[in-house]
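A.B. asks: Dropping the sequence and predicted coords here.
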Amino acid sequence: TTGWKEVDLITGSGLGKGELGVVIAPTGAGKSMALVHLGSQAAKNGLNVIHYTLELADTVVAKRYDCCITGYTLNAHYGLKEEIYEKITSLSLGNLIVKEYPTKTASTQTLRNHLEKLRKRDIKIDMIIVDYADLLKPVSAQRELRNELGGIYEDLRAMSQQYECPVWTASQTNRSGLNAELITMEAISESFNKCFVADFIFSLSRTITDKAK
């Protein structure tokens, strides 16, 4: 389950094995928070989540998971460490592994190598989150960026089939999506091939007025 009733109705209770989901949003609109929410829902259901972060520090992502799982706000996090720890340890959660790679240093093959290490440690992989795919290094260099990005998304979908679990990632909009009330496929940056590869795409919109409110 995604934890969002409307999305669960559309997808049939969330992504299934071998499926790729993509969150599309402009910069600063909440892509990473949406991915953390999806990972938290899986962990609450006792599933093992592997979260790769290519932009934010692993400690920042872990803090967001703390708050998302417990319901405490990000601002209250530092003052309530003991309460958060107590609440998390009282829940029957699946394993959550947050792995950080610097931007454009890791490829889909790097992620596969890490996943294989986890499997050798008998850690079952139930969901993979990549924050976010556009920041992965292409396995093979192409003349055009759109072809490289298309290849990355194809690799991620292949990964979801290989490990028989859903993969969630995010992508940035182009300039036309920065202040759009409704983000459509035309606003997806660089490569339209992402749309052909993904099984489910949803967009997050936040206008300047929304941010002010």
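C.D. replies: Structure received. Residues are numbered from 1 along each chain as shown.
A.B. asks: Determine the longest helix present in the chain.
C.D. replies: The longest helix of the chain (DSSP state H) is helix 145-162.
A.B. asks: Which elements pack onto that one?
C.D. replies: Under the contact criterion of 3 or more CB pairs under 8 Å, 6 or more residues apart in numbering; DSSP states H and E, helix 145-162 touches strand 20-25, helix 108-120, strand 127-131, strand 167-172, helix 193-197. Where you see a C-beta, it was placed from the backbone N, CA and C, and this is true even at glycine.
A.B. asks: Apply 7 Å and report the result again.
C.D. replies: Helix 145-162 sits against strand 20-25, helix 108-120, strand 167-172, helix 193-197, with contacts defined as 3 or more CB pairs under 7 Å, 6 or more residues apart in numbering; DSSP states H and E.
A.B. asks: Average pLDDT for that helix, rounded please.
C.D. replies: Helix 145-162 shows a mean pLDDT of 86.
A.B. asks: Off-centre distance for that helix?
C.D. replies: 15 Å (CA atoms, centre = their mean, to the nearest Å).
A.B. asks: what inclination does it have with respect to strand 20-25?
C.D. replies: 140 degrees (axes from the mean of the first three to the mean of the last three CA atoms, to 10 degrees).
A.B. asks: can you tell which of the helices and strands packed on helix 145-162 is closest to residue 86?
C.D. replies: Closest to residue 86 of the helices and strands packed on helix 145-162, according to CB to CB: helix 108-120, at 27.7 Å.
A.B. asks: Tell me the buried residues in stretch 42-59?
C.D. replies: Going by neighbour count (16 or more other CB atoms under 10 Å), the buried part of stretch 42-59 is 42-45, 47-56.
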